[in-house]
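Peer 1: Below: sequence and its predicted model.
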Amino acid sequence: MDSDNADDVQAGLDSVEAELEVVKLQIAELLEKQASLTSKRKQLLRRLEEPCDSTQASGSGPAMTKQELLRYENDDFSWSTELEQNLKDVFQLSTFRPLQLKAINLSMSGKDLFLVMPTGRGKSLCYQLPAVCSEGFTLVVTPLVSLMEDQLMYLKSIDVEAVSLNASSSKEHAKMVLAEMTDSKAPFKLLYVTPEKIAKSKLLMSRLEKAYNAGRLSRIAVDEVHCCSQWGHDFRPDYKLLGILKRQFPKVPLLGLTATATGSVLKDCQKILCVPEPITLTASFNRTNLYYEVRLKDSNSDDSVSDISALIKERYKDQSGIVYVFSQKDAETVSADLQGKGVNASPYHANMNPEDKSQVHRKWATNKIQVVVATVAFGMGIDKADVRFVIHHTISKSIENYYQESGRAGRDDKPADCIVYFGFNDIFRISTMVVMENVGQQKLLTMVDYCQNVDRCRRSVIAVHFDEVWDDEGCNEMCDVCRHGNDYITVDITQHAKDVVQIVELAGSLDEKLTPLKVTEAWMGKGPAKRRKMIQTTTLSRLEVEAIITSLLLQGYLSEDFSFTPYTTYFYLKLGGKAPLLKNQSHSITMKMRRTGLDANTVKVSQVKTKEGKRSGDNAANSPVTKKVKRDL
Ligand SMILES: Nc1ncnc2c1ncn2[C@H]1C[C@H](O)[C@@H](COP(=O)(O)OP(=O)(O)OP(=O)(O)O)O1
Ligand SMILES: [Mg+2]
Ligand SMILES: [Zn+2]
């Protein structure tokens, strides 16, 4: 073969290889879609087989069918009268909330149970009430001393005897508690311990054993049980050692409680805690009284703090709330800014001294401070019923975190708002922070997807993360997507994607790495003239450009590329696994965006002409993000 011929053959081969690569990607994409549809079908079929009201629990557990579980909603057990009486007389509550009675009856029957219930729904009652109605005492494992103290204070206020053992307990106190554990006349009904105590104190274990043998250990409650699993969002190494409890005290029923655990996290917890066949009760995660909204932060002129202060002074006048921020520094500055605008706000973060922290907490709880501007350190154990708004100045690091943080609103079941400010640059700030976490990026993208999304009901995006099947009708327009459904339109962004990918590709070929900001600027024609000549720039607005780049990142046409220096981690954009698909002429990408001047009923997908032709996506009328968005800011 002569060399010309060989070149031709080689070129042909390269082209076939490239095409094969594209086909492979398409197959992968279709397989992914197939898997997701199959799983959806399975879920739906399961629902058909077991019709169950979505506000009711879903129960599982190998030992019991749904039908058998129903029995535990009754009040004809030998302990039912006593339960009812103590609910009213001791806890001063008139009725049970959904799932409480069932969980309590199961636990009173000696079953091991995992109870997954949204934050603030009343998980504690499910072990406190049985403790009061049982002989002996209930061992409660709690991750934080502050949580423990809150509960002790509450129990004291209703005259329920409870004690605790933790690192700061005095010797005398510990001695007394340890002695009383086996004393049949001991008055306490609940013993709160930290997991560290179980893991480290042989003395405690030996006393527990004695109490067990004397039949005084009536129940074990593991609060925030997701802390067992590394896949949960709040892993505590000492929780890993709690398996000893069920191994040593197999006859004592264990109750694991959490607000945030997916099926896989629970399976992990079950293994770690050595609970052979627990029953799992899951309450619906749909908080019908919460209104979910996403507002865009403008990278050019971020006036989110002014926006927030206006909301607080007008819509939430005299109402209690939380503003979550990204860092301790942000807590200080945002709080100072809000104060400057006349809002009664105080910062809260982990680096403040404990007295200041509890003072802020106390003043807020008693309505002397209207707003706490806090990092996520303001978290577990915050139990204020009348929080009317939780505003995120910066997105959370995962959707589970967001659900938990925003869920501190409206615990009294009255309407409350959960608003998040979504800024393009914040994605990358958080991304470099979670880069070391196992699935940190993946989880962050779930949050980004929640914010970017204008396609599905926000509740449905949340529900997916808690393995719930969701139909949008259950929202009642209590999210901005459902409320403003007609303001959105599907647009074709294939050509935009090609332009962006070309910019990243060009940088790669020049051995250059581009941050998301650089990609944005390059595409908007702000880079060096030399580069401008080689790429297709755009006249889209900054917000539109950012929305498209975010969408390409979420869809896998772009991906993240980190670079570490001793002082900082840098975030760059590189081509994603799906980028080669764009070489295929028939491949197209669409995204749902905020509506343009176009009539969405007549134009469902705006066509984008390629190459020299005036691209419809570039003219103002087709511009996918409207002025309305800017007004929304
Ligand atoms: N049956 C009920 N009726 C009215 N209020 C109730 C009932 N049960 C509990 N509560 C109140 C008491 C508390 O103030 C509030 C929150 O209960 P709590 O047990 O602390 O929530 P939780 O443990 O599920 O939330 P978290 O996940 O935040 O720990 O609900
Ligand atoms: Mg709790
Ligand atoms: Zn909705």
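Peer 2: Done, it's in. Ligands and ions are numbered 1, 2, ... in the order given.

Peer 1: Show me what residue of the stretch 501-633 of the chain gets nearest to ligand 1.
Peer 2: Per Cβ to the nearest ligand atom, Leu554 is where the stretch 501-633 of the chain lies closest to ligand 1, at 29.5 Å. No exception for glycine: its C-beta is placed from N, CA and C like everyone else's.

Peer 1: pretty sure that residue is touching Leu445, no?
Peer 2: Yes: with contact defined as Cβ atoms under 8 Å, Leu554 reaches Leu445; the gap is 6.1 Å.

Peer 1: Which single residue of this protein ends up nearest ligand 1?
Peer 2: For the chain, Cβ to the nearest ligand atom, closest residue to ligand 1: Gly122, 2.8 Å.

Peer 1: which secondary structure element contains the residue nearest to the spatial centre of the chain?
Peer 2: Residue closest to the average C-alpha location in the chain (Cα atoms, centre = their mean): Glu400, at 1.5 Å. Using DSSP states H and E, Glu400 sits in helix 399-406.

Peer 1: model confidence over that helix, on average?
Peer 2: The average pLDDT for helix 399-406 rounds to 92.

Peer 1: What does the pLDDT read for the residue in the stretch 101-250 of the chain positioned nearest to ligand 3?
Peer 2: Distance from ligand 3 to each residue of the stretch 101-250 of the chain (Cβ to the ion) is smallest for Pro118, at 16.9 Å. For Pro118, the model assigns a pLDDT of 82.

Peer 1: Was I right to think it contacts Ser406?
Peer 2: No: the criterion here is Cβ under 8 Å, and Pro118 misses it with Ser406 at 10.8 Å.

Peer 1: what about the two, which has more around it?
Peer 2: Ser406 (27 against 21; other Cβ atoms under 10 Å).

Peer 1: Hmm, His392 and the more buried one touching each other?
Peer 2: Yes: counting by Cβ under 8 Å, His392 is a contact partner of Ser406 at 7.2 Å.

Peer 1: who touches both of those two?
Peer 2: Val420 (Cβ atoms under 8 Å, 6 or more residues apart in numbering).

Peer 1: what about the strands in the stretch 151-300 of the chain?
Peer 2: Counting by DSSP state E, counting those that start in this stretch, one finds strands in the stretch 151-300 of the chain at the ranges 162-165, 190-193, 217-222, 254-258, 279-282, 290-296.

Peer 1: helices and strands around the fifth one, which ones?
Peer 2: By that I understand strand 279-282. Contact here means 3 or more Cβ pairs under 8 Å, 6 or more residues apart in numbering; DSSP states H and E; on that basis strand 279-282 packs against strand 58-60, helix 100-108, strand 113-116.

Peer 1: after the shortest one comes which helix or strand?
Peer 2: Stepping forward along the backbone from strand 58-60, the first helix or strand reached (DSSP H and E) is helix 66-70.

Peer 1: ok and the helix or strand just after that next one relative to helix 100-108, angle-wise?
Peer 2: Proceeding N to C from helix 66-70, the next assigned helix or strand is helix 80-89, under DSSP H and E. Inter-element angle recorded for helix 80-89 and helix 100-108: 130 degrees (by axes from the mean of the first three to the mean of the last three Cα atoms, to 10 degrees).

Peer 1: Can you give me the buried ones in helix 80-89?
Peer 2: Ser80, Leu83, Asn86, Leu87 (16 or more other Cβ atoms under 10 Å).

Peer 1: Can I get those in CSV including pLDDT and distance to ligand 3?
Peer 2: Output for the buried residues of helix 80-89, formatted as CSV (pLDDT from 0 to 100; distance: Cβ to the ion, whole Å):
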residue, pLDDT, distance to ligand 3
Ser80, 96, 39
Leu83, 96, 37
Asn86, 97, 39
Leu87, 97, 34
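
Peer 1: Dump the residues you listed into TSV; add distance to ligand 1 as well.
Peer 2: Shown next, in TSV, are the buried residues of helix 80-89 (distance: Cβ to the nearest ligand atom, whole Å):
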residue	distance to ligand 1
Ser80	16
Leu83	12
Asn86	12
Leu87	7
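
Peer 1: Helices of the stretch 101-250 of the chain, start to end?
Peer 2: For the stretch 101-250 of the chain, the helices defined by DSSP state H, counting those that start in this stretch occupy 125-132, 145-157, 171-180, 195-200, 202-213, 243-248.

Peer 1: Now the second one: buried residues?
Peer 2: To tie it back to what came earlier, the one meant is helix 145-157. Within helix 145-157, the residues that count as buried by 16+ other Cβ under 10 Å are Val145, Ser146, Leu147, Met148, Glu149, Asp150, Gln151, Leu152, Leu155.

Peer 1: Of the residues you listed, which is the nearest to Met205?
Peer 2: Top of the list for closeness to Met205, among these and by Cβ to Cβ, is Met148 at 18.9 Å.
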